[in-house]
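>>> For reference, the sequence and a predicted model appear below.
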Amino acid sequence: MKTVFITGANKSIGLATARVLLRQGYRVYLGSRDPQRGQEAAAQLRAEGLDAVEVIQIDVSDSDSVARARHEVGRSTDVLDVLINNAGISGGMPQNALGASIEAYRRVFETNVFGVVRVTQAFIDLLRNSPEPRIVNVSSSQGSLTLHTDPGYRYYHHKGAVYHPSKAALNMYTIDLAYELRDTPFRVNAVDPGFVATDFNNHRGTGTVEEAGARIARYAMIGADGPTGTFISEEYNPETGAIPW
């Protein structure tokens, strides 16, 4: 049975992704900052007959918490096949370049960028033990520099001076990580789940968490001939998923 660790998986897109992978026969380590909410999510999945789930408490902005999570996962498996860095925060809206505080930048980058680095570095040893390791960094089309300089882009006027740079930085980390792992079986990609109706955006999104979960899970399950070092948005480009950086 393949294994996957998903951060921020107690609700919304993370939970939907867990559900898809459980149905595909994966064992899911369900990462949740709040242990109670994690247990409630796991109970919901088990009520659906999806039993191969274990809750792992993790706050990706806390190095000690990440280390404890790595220890807990390592108690039950020596191999991690997939890491999905899903946990993220928006930092609240509106965000403007002249008014956003340095503290706001630190708070968002701590989760959306540094948190991904912490978790990836902590779990890389377990991933290396997999014959086909996969890393999916959950990004956003809002991190595309190209699109946000194009007045014709549908979200051109929806700027977020804190959140958007965090996703652009995450995309660059994905490129560098994929490059370092280029001569290995790893496949590392940044995947945009789409503009999805969740509490993350006050349910203003136009897509569903089920659609988003399927998109992320698809790149967690790609084969040896799958892409690596790419930025994927099936919402932006339904045919190929390609989206400009």
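Sure thing, it's come through. Residues are numbered from 1 along each chain as shown.
>>> Check the gap between the residue of the chain most remote from its centre and Gly143 for me.
Using C-alpha atoms, centre = their mean, the residue of the chain lying farthest from its centre is Leu98. It sits 28.7 Å away. Separation of Leu98 from Gly143 (C-beta to C-beta, to the nearest Å): 21 Å. Backbone N, C-alpha and C define where each C-beta goes, glycine included.
>>> again, but for Arg187
20 Å.
>>> any low-confidence regions in the chain?
Scanning the chain for pLDDT under 70 picks out 197-206.
>>> so what's the residue nearest the centre of it up against?
By C-alpha atoms, centre = their mean, the chain has its centre lying nearest to Asn86, at 2.4 Å. For Asn86, the contacting residues are 6-9, 13-14, 17, 138, 216, by C-beta atoms under 8 Å, 6 or more residues apart in numbering.
>>> And for Thr240?
Neighbours of Thr240 in contact, by C-beta under 8 Å, 6+ apart: none.
>>> where along the protein do the helices fall?
Here the chain has its helices, by DSSP state H, at 12-23, 35-47, 63-76, 102-109, 115-128, 163-180, 209-220.
>>> how far does the fifth one sit from the chain's center?
Relative to the chain's own centre, helix 115-128 is displaced by 13 Å; criterion: C-alpha atoms, centre = their mean, to the nearest Å.
>>> And that helix, what does it pack against?
helix 63-76, strand 82-85, strand 134-138, helix 163-180 (3 or more C-beta pairs under 8 Å, 6 or more residues apart in numbering; DSSP states H and E).
>>> got the angle between the third one and helix 115-128?
It stands for strand 134-138. 170 degrees (axes from the mean of the first three to the mean of the last three C-alpha atoms, to 10 degrees).
>>> partners of strand 134-138 in the sheet?
Strand 134-138 has its sheet partners listed here by DSSP bridges as strand 82-85 (parallel), strand 187-192 (parallel).
>>> Which among those strands is found nearest to Ala242?
Evaluated with C-beta to C-beta, those place strand 187-192 nearest to Ala242, the distance being 11.1 Å.
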